[in-house]
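Student: got a sequence here, can you model it:
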Amino acid sequence: MKAVTLKDVATAAGVSISTASRILDERLPTSRSASAQRVKEAAARLGYRRDAAASALRRGDTGTVGVLVPRLSDTVMALLFEAIFSAAAARGLFALVSVCGDDSAAEARAVDSLLARRVDGLVLATARLDDPLPSSLRDRQVPHVLALRTDGVSPSSVCDDELGGYLATRHLLDLGHTAIAVLPGPDFTSTAQQRLAGYHRAMAEAGLDTPQTRIRHCGFGYTAGREAAAAVLSRSSETTAVFAANDRLAMGTLAAASALGRRVPEELSVVGYNDTPVAAQLAVPLTTVHVPFDLIAVGALDLLAAQTAGTGEQPADRVAVPTLIPRRSAVSRKR
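Tutor: From the prediction side, this is the model:
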C-alpha cells in the first residue's frame, strides 16, 4: 500500500503543500481556521503520519535538544531533566542528556559529543561562575541556555534564588529565631551566592548580625551537609535554626542534629531548598522552598527557540518565582 504523502493531504484539503505542512507542524501555534480544520480532517481520514526525520532534514535541524548535567544521581538534576524532557516532548522535540561530572575536560567532551549528534541547541545545568564553557559556546555561536544557574552573560532560565533565600530566612525570623546559621553550598555557583544574598538581606532587615561562624560553605551533598552542620552546631550552642540551601544539605543537617542530641524541631529548626519529593516524606517533614522546575524548563526551551529563530536579538532571561512550603521541621522558638 502506497504511503500517504503531504501532497495527498494538501490536495484533499484544497490547500498548498506549504500550508498543509505549517498546519501539521506540532511545534507551531495551533490554527483554528477553516483551512486548518480541513487539513487536519484530511490527514486523519487518509491516515497521514508526519515524517519527523524528513521534516528535520528539510529545515536543517534535528528536533533534538542536548542537556548537560553534572550527574543524574542528584535529585535536582534528575527533576530538571525530566521537566526539560516533558517540555520538549510537548513541542515535538526530543531531549538528549549527557553527564559530565564536575570536570571541565569531560564537560567539553560531552558538548562535542552532543554537537556531533547535530542537536539544535544546548541546555547547560553545569555552569560554575568560573566555567569557560558558556563563553566558548558564545564565541562559536552555538545556541545554548543556562538552567538553574547563570553566569550573567549567556541566556539563563533560573529561579529567583535571592528571593528564595530571603523567604527561607524570613520564615525562621518570623518564628522568633535570631541565631540562624546558613549552609549556602559551594561559593563557585550562582545559586549559592544568591541564596546567601537572600539570607543576608533578611537578617539585615531584622537588624541582626551574620557572624562568619554561622556561615559554612560546602558541597551540595548529604555528607557535606552533615559535616558542615556538625561544625556549625558544635561551635555555637546558641544557634536555634539552620537554613540549608538545598534539601540534601538539610537532610545532612538533620543527621548532624541527631548525632549531637539536638531535637528537630523542638531544639533546632531546619529549612531546606528545592522541595524534592522526599522532603515531605521524612520522619519530620521538611520545611523547604519550592522551585518550579517545569517553568524553568519551559523558559529554557523558549530561550533556545528565540536563538534558533535567527533574529539576532539577545533574549531576556527567564526568572521563575519560588514559594515557601511550611512543614514540621521549623517551628516557633521556645523562649
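Student: wait, isn't H290 in contact with T323?
Tutor: Yes. Under the criterion of Cβ atoms under 8 Å, H290 makes contact with T323 at 4.8 Å. All C-beta atoms are positioned from the backbone trio N, CA, C, and that covers glycine.
Student: higher neighbour count, those two?
Tutor: H290 (18 against 13; other Cβ atoms under 10 Å).
Student: and the next helix or strand past the lowest-mean-pLDDT helix or strand in the chain?
Tutor: In the chain, no helix or strand scores lower on mean pLDDT, DSSP states H and E than helix 52-59, which sits at a mean of 46. Beyond helix 52-59 on the C-terminal side, the first helix or strand identified by DSSP states H and E is strand 64-69.
Student: pLDDT on that following strand, on average?
Tutor: In this model, strand 64-69 has a mean pLDDT of 95.
Student: over to V270: give its phi and psi.
Tutor: Note on V270: its backbone torsions stand at phi -130, psi 130 [degrees, to the nearest 10].
Student: let me see the contact set for it.
Tutor: A241, V242, A244, A250, T253, L254, A257, V264, L286, T287, S329, A330 (Cβ atoms under 8 Å, 6 or more residues apart in numbering).
Student: now do 7 Å
Tutor: V242, A244, A250, T253, L254, V264, L286, S329, A330 (Cβ atoms under 7 Å, 6 or more residues apart in numbering).
Student: next one: S21
Tutor: With Cβ under 7 Å, 6+ apart, S21 has these contacts: L6.
Student: quick check, L249 in contact with P184.
Tutor: No. Under the criterion of Cβ atoms under 7 Å, L249 is not in contact with P184, lying 8.9 Å apart.
Student: L196 versus the residue nearest in space to the middle of the chain, what's the distance?
Tutor: In the chain, the residue lying closest to the centroid (Cα atoms, centre = their mean) is L148, at 4.1 Å. Distance, L148 to L196, using Cβ to Cβ, to the nearest Å: 16 Å.
Student: any idea how far G221 is from T276?
Tutor: 13 Å.
Student: so which of these two has more stuff around it?
Tutor: T276 (24 against 17).
Student: residue contacts, the more buried one?
Tutor: Counting by Cβ under 7 Å, 6+ apart, the residues that T276 touches are T75, V76, L79, D247.
Student: list the residues that contact the residue nearest to the residue nearest to the centre of the chain when sequence neighbours are not counted.
Tutor: Nearest non-adjacent residue to L148, counting by Cβ to Cβ, 6 or more residues apart in numbering: A125, 5.5 Å away. The contact partners of A125, by Cβ under 7 Å, 6+ apart, come to L68, V69, M77, L80, A147, L148.
Student: try L146
Tutor: Taking Cβ under 7 Å, 6+ apart, one finds L124, A127, P134, S154, S156 in contact with L146.
Student: could you dump those residues into JSON lines with pLDDT added?
Tutor: Listed next are these as JSON lines, based on pLDDT from 0 to 100:
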{"residue": "L124", "pLDDT": "96"}
{"residue": "A127", "pLDDT": "67"}
{"residue": "P134", "pLDDT": "90"}
{"residue": "S154", "pLDDT": "92"}
{"residue": "S156", "pLDDT": "96"}
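Student: as a markdown table, the residues you listed with neighbour count would be great.
Tutor: Shown next, in a markdown table, are these (neighbours: other Cβ atoms under 10 Å):
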| residue | neighbour count |
| --- | --- |
| L124 | 26 |
| A127 | 23 |
| P134 | 25 |
| S154 | 19 |
| S156 | 26 |
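Student: show me where this protein has its strands.
Tutor: 64-69, 94-99, 121-124, 144-147, 156-159, 180-183, 241-244, 269-271, 288-290, 318-320, 323-325 (DSSP state E).
Student: which of those strands is buried the deepest?
Tutor: strand 241-244 (a mean of 31; mean count of other Cβ atoms under 10 Å).
Student: now do that one: which elements does it pack against?
Tutor: The contact analysis (3 or more Cβ pairs under 7 Å, 6 or more residues apart in numbering; DSSP states H and E) places strand 241-244 against helix 161-174, strand 180-183, helix 247-259, strand 269-271.
Student: how about the ones you listed, which one is nearest L96?
Tutor: helix 247-259 (26.1 Å; Cβ to Cβ).
Student: show me which residues of that closest one are buried.
Tutor: By neighbour count with 16 or more other Cβ atoms under 10 Å, helix 247-259 contains the buried residues D247, R248, L249, A250, M251, G252, T253, L254, A255, A256, A257.
Student: now stretch 17-33
Tutor: Neighbour-count burial for stretch 17-33 [16+ other Cβ under 10 Å]: T19, A20, S21, I23, L24.
Student: the fourth one touches R38, doesn't it?
Tutor: Just to be clear, that refers to I23. No. Between I23 and R38 there is no contact under Cβ under 7 Å: 9.1 Å.
Student: distance between the ends of stretch 212-232?
Tutor: 10 Å (Cα to Cα, to the nearest Å).
Student: no wait, stretch 8-19
Tutor: 13 Å.
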